[in-house]
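1. Sequence and predicted model, in that order:
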Amino acid sequence: MLKSPYIQANKEKIDWEFWDIHVGEADILHRQLVKQAINEIVEADPSTVQELAEGYQNAKHLWETFWGNMYSAARTPELVGVV
């Protein structure tokens, strides 16, 4: 990502806080805490596995839909630069 010509040309204008959070220590800790919480839920009640899997699939679908819409909007000339 950092090698992208756009990133290189605009790196001084980019608010890096998002990336610091989502690819740094905070994100790693969040991932570890979520895994631990899921393990605790499943250990306490193994019948929750199906519900957890469905929730994960739903969240993944929403995430992919959101980013798909964002990428589509970014490629739509009349929406480029609209904030």
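-> Good, I have the coordinates.

2. chain center to the lengthiest helix in the chain: distance?
-> Using DSSP state H to assign secondary structure, the helix with the most residues in the chain is helix 49-74. Going by Cα atoms, centre = their mean, to the nearest Å, the spacing between the C-alpha centre of helix 49-74 and its chain's C-alpha centre is 9 Å.

3. Show me what it is packed up against.
-> Using 3 or more Cβ pairs under 8 Å, 6 or more residues apart in numbering; DSSP states H and E, the elements in contact with helix 49-74 are helix 25-44. (C-beta placed from N, C-alpha, C; glycine too.)

4. Report the angle between the helix it packs on and helix 49-74.
-> With axes from the mean of the first three to the mean of the last three Cα atoms, to 10 degrees defining the directions, helix 25-44 sits at 150 degrees from helix 49-74.

5. Secondary structure class of residue 3, three-state.
-> Secondary structure assignment for residue 3 (DSSP: H, G, I helix; E, B strand; the rest coil): coil.

6. any idea how far it lies from residue 39?
-> From residue 3 across to residue 39, the span is 37 Å (Cβ to Cβ, to the nearest Å).

7. Equivalent analysis for residue 22, please.
-> 23 Å.

8. ok, how many other residues are close to residue 34?
-> If you count neighbours by other Cβ atoms under 10 Å, residue 34 ends up with 10.

9. do you know how far it is from residue 59?
-> To residue 59, residue 34 is 11 Å away according to Cβ to Cβ.

10. cool, and residue 37?
-> According to Cβ to Cβ, residue 37 stands 14 Å off from residue 59.

11. pull the helix or strand with minimum mean pLDDT from the protein.
-> Scoring the helices and strands of the chain by mean pLDDT, DSSP states H and E places helix 17-22 at the bottom, with a mean of 82.
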